[in-house]
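Chemist: generate a structure from the sequence data that follows.
(chains A and B)
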Number of protein chains: 2
Amino acid sequence: MKAYASIPRDDKEKILKCEKEKYEALKARNIKLDISRGKPSKEQLALSEELLKIDISNCADDGGIDIRNYGGLPGIPAARALFGELLGVPASQVQIGGSSSITLMHDTIMRNFLFGALNGDIPWKDQKVKFICPVPGYDRHFTICEAFGIEMINVDMLSTGPDMDKVEELVKDPAVKGIWCVPQYDNPGGVVYSSTTVERLAKMQTAARDFRIFWDNAYCVHHFDVDNPMCVDNIYELCKDAGNEDRVYMFTSTSKITFPNGGVCCLAASPANIAWQREKLNSQVISFDKVNQMRHVRFLANKAQVLEHMRRHATIMKPKFDFVVNYLNEKLGGTDCAVWSMPHGGYFISFFAHPGCAKRIVELCRQAGLILTDAGATYPYHNDPADSNIRIAPSIPTLTELSQAMELFVTVVKLVTIEKLLDEE
Amino acid sequence: MKAYASIPRDDKEKILKCEKEKYEALKARNIKLDISRGKPSKEQLALSEELLKIDISNCADDGGIDIRNYGGLPGIPAARALFGELLGVPASQVQIGGSSSITLMHDTIMRNFLFGALNGDIPWKDQKVKFICPVPGYDRHFTICEAFGIEMINVDMLSTGPDMDKVEELVKDPAVKGIWCVPQYDNPGGVVYSSTTVERLAKMQTAARDFRIFWDNAYCVHHFDVDNPMCVDNIYELCKDAGNEDRVYMFTSTSKITFPNGGVCCLAASPANIAWQREKLNSQVISFDKVNQMRHVRFLANKAQVLEHMRRHATIMKPKFDFVVNYLNEKLGGTDCAVWSMPHGGYFISFFAHPGCAKRIVELCRQAGLILTDAGATYPYHNDPADSNIRIAPSIPTLTELSQAMELFVTVVKLVTIEKLLDEE
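Modeler: Sure thing, here's the model as predicted:
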């Protein structure tokens, strides 16, 4: 296909007219579709139906802890072992939380903010605090920073992870206290951080002694090809080797393994960080829901069984991602009007439209019945400086619905891009 | 029985010798008992065994919300209705939380601290903040205040609730931003606030516009006599009538109905407070565990069914409380060496020893194998100015164990009191 920029003005106008007609026709179909959020489909939720009926009345105890009573703040031993295996850390370095890892992340920042981080001088609330935000990224990370008034600094995501030259420069500022990372199948790009990136993150010199990597490994087992997974290196081990053991907080959850917000989450970190968290946690909680921990341990057992479960998710997810990527390749490949990611796992496809087009694409899709994530949502302060990035979440619709959605989406992309190119001429 | 103070010195010395011998004999029995924490016994936990095996696979939706997926931050409609009925507020004014109401309380203070309360001028972190703490009270409330550096002011609990003359005086100070209340079967005294107390709390003039009553109604259905319950008045309605609708946050949970920290908790408040909470919650959580909400709704259904369930708890609890109270009446009644509460519900008996004796009583019991709540724990900063209050939690031991525990306890009380009286002569 020909690059749009090189098409003569007259031909562009013809294409625009044609795409506009197509758009009006599609609009008349009154579709109602939503590819805005990374939610599992009902078909995926059904994979964990056993959790809605599992009988755990014969396992009220674990390691001497009665799962039905107060106590066991660190979590039941079997749950700590399971998450330790998933994240590659000893069970003793795992703190189990409630049903949402975003809460653990928020609360970890809250504790650093109120009480000061381990190794920090003064609470973050009493100083200027900045966070590095690889972009495009996860909107809920940015919402947390906004809530606490933490200044966010954009750093571009490359195919290897965040632009480490930039990151290494920024951490020379003692006000820079953290970086958000979704290191495996990142949101929304699907990038898996390279070994070099992880090593540089672990080894870099930071001016702030209480600099923290928020390692949100939400998609640690969410492979499309379970037999040939892409796995990020163990940053905790690398931090430890580099003498920066307390630098990283690792998070994950079963939200997209079993049930979103009906699962179990955890934090893993150095022994000193875990001890610090537990001491602070004591004013906020007596213990987390150990009954749900036990249900999950019974259902998921160990990493091998989790991966078998993720294979069933992949059977549902991969065809949807393949369809979207193939459709984009076929319809927009070679037009030079956009680029998009081709992830090997996770929940999103990241689409970069011609600069200045994202908002209008999302708006025209919305008018025709297709809800996309708001343009800008993948950037701090909802501000995508290039107005280019659109996050596509193909998990919820059926293949038939995805086909309708993509037909509309591609039509709108062509329409808006040509319009813009004509404007720019 | 004779008042100890009036016994002649020689006789006191005889009693002391005799109690010391008894103590040594009891110590030699090597008992190992714990009446320190308000935890349900295994027999009580078994009442909710159905929750460990209930099959809810046929009720994945409630009010259009898929309990297995993201969404539904306020909670599922059926859970909001159940808690609304328990607390006497419309379901729309109920925010369901996770498995711990202490977390909701902590986080509510955290939000007021970081962002400023609704109707407040500046965040609590940027001003001096004081809380009124009726004493003796619940140690975890005090721990939260300590974590946030909130100054705590003791106010005596009377048989009608907090000393309202004192409270009304204190709230003239604009730095006084809140009061902790366990209004029904309070911890540890078992007091139910009188109608006058509740009305005065609702109506009083407070200097701080963002003054808040933290109404921890943890024991709202925890009657020993379900057919003749003692119920506290509806403070929200009274606040509303007095034009102070935003003054009260009400909390409760199923922790001592089903499973501690494996249940469901909630916050109820004015529409404006609930809207404010929800907006702030958005940075901390996507939604709470709706699967567990559904389990609880299926198991508990409505207030009538909850009360039937509490009747079964009472069958187990009442004999234990009766035993302790009767034992104290029989062995210490008329000695004037102590007073104790005779609660009609809840989890605790509050025991006031002769001033200056509590720490030594707890210590001597500990040395003989009986763990009591630390003396001082029922006061802010762990400081009981009179060194008098001891919290007794009789729920965990069997009646046989309680009998051993009380024999030791009363022996130690007598020993320490006589020792002290001799000292004071």
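Chemist: secondary structure class of the closest residue to chain B within the stretch 301-425 of chain A, three-state.
Modeler: Ranked by C-beta to the nearest C-beta, the top residue of the stretch 301-425 of chain A for proximity to chain B is A:I396, at 9.3 Å. All C-beta spots, glycine's among them, are computed from the backbone N, C-alpha and C. Under DSSP: H, G, I helix; E, B strand; the rest coil, A:I396 falls in the coil class.
Chemist: what's the neighbour count on it?
Modeler: The tally of other residues near A:I396 (other C-beta atoms under 10 Å in any protein chain shown) stands at 21.
Chemist: what mean pLDDT does stretch A:217-233 have?
Modeler: Mean per-residue pLDDT for stretch A:217-233: 96.
Chemist: what about that stretch, near chain B?
Modeler: No: using C-beta under 8 Å from any C-beta of the partner chain, we find that stretch A:217-233 stays clear of chain B, coming within 12.1 Å at best.
Chemist: what comes up buried for that stretch?
Modeler: For stretch A:217-233, the buried set under the neighbour-count rule, 16 or more other C-beta atoms under 10 Å in any protein chain shown, comprises A:N217, A:A218, A:Y219, A:C220, A:V221, A:H222, A:H223, A:F224, A:V226, A:P229, A:V232, A:D233.
Chemist: phi, psi for the second one please.
Modeler: Main-chain torsions, A:A218, degrees, to the nearest 10: phi -60, psi -30.
Chemist: wait, doesn't it sit right on A:S255?
Modeler: Yes: between A:A218 and A:S255 there is a contact at 7.2 Å, judged by C-beta atoms under 8 Å.
Chemist: which residues do the two both contact?
Modeler: Shared contacts of A:A218 and A:S255 (C-beta atoms under 8 Å, 6 or more residues apart in numbering or on different chains): A:S101.
Chemist: so what's A:R366 closest to, chain neighbours aside?
Modeler: Excluding the flanking residues, the one nearest A:R366 by C-beta to C-beta, 6 or more residues apart in numbering or on different chains is A:L372, at 7.3 Å.
Chemist: count the neighbours of that neighbour for me.
Modeler: A:L372: 24 neighbours (other C-beta under 10 Å).
Chemist: related to what we said a few turns ago, which among the buried residues of stretch A:217-233 gets closest to chain B?
Modeler: A:A218 (12.1 Å).
Chemist: quick one: check the longest helix along chain A for contact with chain B.
Modeler: Criterion DSSP state H: the longest helix present in chain A is helix A:303-332. No: Helix A:303-332 stays clear of chain B (C-beta under 8 Å from any C-beta), getting no nearer than 13.8 Å.
Chemist: quick one: that helix to chain centroid distance?
Modeler: Taking the mean of its C-alpha atoms, helix A:303-332 sits 16 Å from the chain's own mean (C-alpha atoms, centre = their mean, to the nearest Å).
Chemist: check stretch A:124-138 too.
Modeler: 17 Å.
Chemist: endpoints of that stretch, how far apart?
Modeler: Distance across stretch A:124-138, first residue to last, is 22 Å (C-alpha to C-alpha, to the nearest Å).
Chemist: buried residues, it. List them.
Modeler: So for stretch A:124-138, counting by 16+ other C-beta under 10 Å, buried means A:W124, A:K125, A:V129, A:K130, A:F131, A:I132, A:C133, A:P134, A:V135, A:P136, A:G137, A:Y138.
Chemist: with stretch A:247-261 instead?
Modeler: Per 16+ other C-beta under 10 Å, stretch A:247-261 contains these buried residues: A:247-261.
Chemist: ok, so of these, who is nearest A:G64?
Modeler: Nearest to A:G64 among those, counting by C-beta to C-beta, is A:T254 at 24.3 Å.
Chemist: host element of A:P134?
Modeler: Applying DSSP states H and E as the criterion places A:P134 in strand A:130-135.
Chemist: which SSE is immediately downstream of that strand?
Modeler: Using DSSP H and E, the helix or strand that follows strand A:130-135 in sequence is helix A:139-148.
Chemist: quick one: the nearest residue to A:F348 once chain neighbours are set aside from chain B, how far?
Modeler: For A:F348, ignoring the flanking residues on the chain, the nearest one in space by C-beta to C-beta, 6+ apart is A:P188 at 3.8 Å. In this view, A:P188 and chain B are 16 Å apart by C-beta to the nearest C-beta, to the nearest Å.
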